[in-house]
Each structure stands twice: as C-alpha cells, then as structure tokens.
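> Give me coordinates for this.
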Amino acid sequence: MLGMDFVQIICIIKVMPRRPAQKSKRISKKRKKGFSWKTLVKSSKTQKKIKKGASVALLFTVSISFLGGVWLYKSLTKPFASADSSTAFDINNEDIVSLAIVSVDDIKASPVKTDSVHFLIFDKSKKKVLSYEVALDVKTDIPGKLGVETYSKILPLGMMSDDNLTSGAKLLVSSLEKDFAFNVDRYLVVEESVIGALLETFVYGSGNSLLEFEILQRLALSVDTDITISEFYSLFTFARSLREDRFIVNKGYNDHFADIETLDEAIRDITFDSVVSNEKASVGVLNGTDIPGVASFASRVVRNAGGHVISASNASKNYDESMLVVESNDLAIVKEIQKFFKIDNVVIKGRSGLNEGVSDRVDVTLVLGFDIAETL
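Residues are numbered from 1 along each chain as shown. The predicted model follows:
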C-alpha cells in the first residue's frame, strides 16, 4: 500500500535541496585550484558536518518511520472502497490532484470544534498550487437534505449518527465538492498544533517545520485521513519543488460562494488543457428526476473537470438509478464523472436501451436519477 520503502523516502528527502538548487560557482573555483574531495573529507570541520548530518538523518528516519507505522496501522484498520469500485483510484500519477485540509481543536473530542478549512488543487503540469481558505461562518446547503448550516458545524453534524470523525470528514468533503463543483480526491483532518506546518508546505510553499520530529510525531497521533503515505509523500515532494510564487492563495471565501463565475473560471483555468479537456469528448446531461437544478449542477461539475457539455436538460422520464452511457470506458471524462458522482452503472452505447435523443449526438450521456439527486 505504501508504494515506497521508508528508507528510500528518507534518502530522497535528505538529498533534496530546501529550494530549487542553484549551480555553485564556489566549487568550480575550488576545482580550478586543485580542490579534492579527499582533502575536504579529511578536514575536521567537514567531519563534524558529516556527523551532524548523520545524526539529523537518523532522527528523521526514526520520526518518519514512527509516522509511517501509525499511519499504516490506521490505514489497515480503516475500511477502503473495493478496488473494482468507481471511487478506488491512486492520485500519484494524476496531473491534477485536490486535497482538503481541516484543523480541529482536539481530534478525540466529541463533538470536535473546527478551526479552519482549506481546499487545495495541485496542478503538476503547470507546476502550481491553488488554495482556498473557506471561512467557517460561510453557510452552505449541506448534501443529503440536512439543511443550511455554517462550515463550522459540518464535522459535528456528520458525526451525530455514529460519533465517528471519518463520517464527519466525509460530509465536509461532500459539502466542499458541492460548493466548488469539483472532486475532492483526499482529505486530512488534523489537530491545530500541526496545521501550521502543513499550511507552510502545501499552501504557502515556505518553511521546513513539517520535517521536524515533534511535528511528525504529533501528525501521526492526531490525524484522520484517506491519503496513503506514498500519496502524501508525492504531494510533499511536488510542493517543495516549487517556488513560493507558484502558490496562489485565496482567503476567506464568504457570501455563500456567491461569485460562482469567478470561482469556476479559476478552476477551469487549471483544467482547460487537462487530459479530459484534450480528448474533447462531448457530454450530454439529463436530469432524470423532478428535482430542479440537477442538470445545471452536473453540467458545472463536468465543465470544471475540463469536460465539454453539449446539452443539459430534463430526461423524458424519471430514473431511480443514475447511469452513464458511453462510447468507451477508457474516456477520461467518464472516470472523472464516476469519481464525483460515484456511479458504477456504466453502459456502452447501443446496449443501454436508453431512449433519450441526446444520447445519439454525444460521446457520453450522464443520466442523474433519484439515487444521486436526493443526496446532492
């Protein structure tokens, strides 16, 4: 599951520069003067540096191993989606990855008190990170017809049925997905004591406190997440490879996400030349229910993912079960729609029996039935 041995991780991290490396003129001059590595290693000053570096490497090895051990235990004891499910996917090889980072006062409290909510989009191809800090007093229509509440209340509301933080995190993720109309690939719920280190690395691109033993120890003992160690490490190394000006920060999103056009424009700027966009598959969206606004919302989701919506309208009848009618299962937009709406019912065109006119004119037909519409 981890995808990489911890010793390998340590070796790679320790040789990584703090920031993008600059070519050293100093060493070039020394080489001209007959500089030799043998002489350098023999010097007492260099030996002290080597010993200090070895101590730091050992300390970090112990700390990351501790983090990995605890994380592995939590991963093994947490139920995961079936490998055949539409929700089972690995983010390591994705060009665009999203992450929700949520901080709470005490992760073991019931109910928990939310301190901050951040939504991040990592664009590996354009080498930038777009982040939004969602103000806790922002109100949203919580998915599942749970009413309108502020973001500060979503975690405890999701925990009401089983007193499980993971349930609260999933409800918060669903709320973010609804407001941003964009898939949230992974989430991290952490205690307030470690949020600063995470934000330094992933939101602002500055500082190295996430490498400190104490911070890693706290993170290991105070996290609820669905991200694996290898996925976390992949995002960590990507973030540390960027200059600070590649981190675009949007703070205090208020007014019920009223400025939808600006929000969608920023997201579509990231996905406009993505794999989904470049395949140029046409999509038709059908509202197979009597619930208003379903086709409009689904169209927004598809467009934000880089998809090309040709038509959005009501279906000729109501559907209990949602479905995707596709030219090919290999289309990238099909996978994106599956991830967002959790649709497993995918049928090749011509075998579906779908009697909807738009299906003949598009590569992908998304029919939203009551099973999904009622949870939005």
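
> The helix or strand where residue 120 lies packs against which elements?
Here residue 120 sits within strand 114-123, counting by DSSP states H and E. In terms of contacts (3 or more CB pairs under 8 Å, 6 or more residues apart in numbering; DSSP states H and E), strand 114-123 is packed against strand 96-104, strand 128-134, helix 165-180, helix 192-199, helix 229-240, helix 260-271. All C-beta atoms are positioned from the backbone trio N, CA, C, and that covers glycine.

> Let me know which of these is the nearest to residue 322.
helix 165-180 (15.8 Å; CB to CB).

> where does residue 362 fall, phi/psi-wise?
Backbone geometry at residue 362, expressed as degrees, to the nearest 10, gives phi -130, psi 160.

> Next, the contact list for it, please.
282-284, 310-311 (CB atoms under 8 Å, 6 or more residues apart in numbering).

> how far away is it from residue 297?
Distance from residue 362 to residue 297, counting by CB to CB, to the nearest Å: 18 Å.

> Same check on residue 283?
If you go by CB to CB, the gap between residue 283 and residue 297 works out to 14 Å.

> out of the two, which sits in the busier spot?
When residue 283 and residue 297 are compared for neighbours, residue 283 comes out ahead with 27 against 17, by other CB atoms under 10 Å.

> Could you check how far the more buried one is from residue 235?
Taking CB to CB as the measure, residue 283 falls 29 Å from residue 235.

> again with residue 341
Distance, residue 341 to residue 235, by CB to CB: 25 Å.

> circling back: which of the contacts of residue 362 fall in strands?
Among these, the members falling in strands (DSSP state E) are 282-284, 310-311.

> Going by distance to residue 301, which of those wins?
The nearest member of the ones in strands among the contacts of residue 362 to residue 301, counting by CB to CB, is residue 283 at 10.3 Å.

> What are the boundaries of the helices in this protein?
6-15, 25-32, 37-42, 44-77, 154-158, 165-180, 192-199, 213-221, 229-240, 260-271, 275-279, 294-304, 332-341, 370-373 (DSSP state H).

> quick one on the thing from earlier: buried ones among the contacts of residue 362?
Applying 16 or more other CB atoms under 10 Å to those, the neighbour count classes 282-284, 310-311 as buried.

> With pLDDT and distance to residue 122 added, can I get the residues you listed in a markdown table?
Below are the buried ones among the contacts of residue 362 laid out as a markdown table (pLDDT from 0 to 100; distance: CB to CB, whole Å):
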| residue | pLDDT | distance to residue 122 |
| --- | --- | --- |
| 282 | 96 | 28 |
| 283 | 97 | 25 |
| 284 | 96 | 30 |
| 310 | 95 | 29 |
| 311 | 93 | 32 |
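
> between the strand holding residue 120 and strand 96-104, how many degrees?
Counting by axes from the mean of the first three to the mean of the last three CA atoms, to 10 degrees, strand 114-123 points 170 degrees away from the direction of strand 96-104.

> Which strands border strand 114-123, and is each parallel or antiparallel?
Under the criterion DSSP bridges, strand 114-123 sits next to strand 96-104 (antiparallel), strand 128-134 (antiparallel) in its sheet.

> And that strand, how far out from the chain middle?
Remark: strand 114-123 is offset 9 Å from the chain centroid, using CA atoms, centre = their mean, to the nearest Å.

> same question, stretch 99-115
Computed by CA atoms, centre = their mean, the separation of stretch 99-115 from the middle of its chain amounts to 18 Å.
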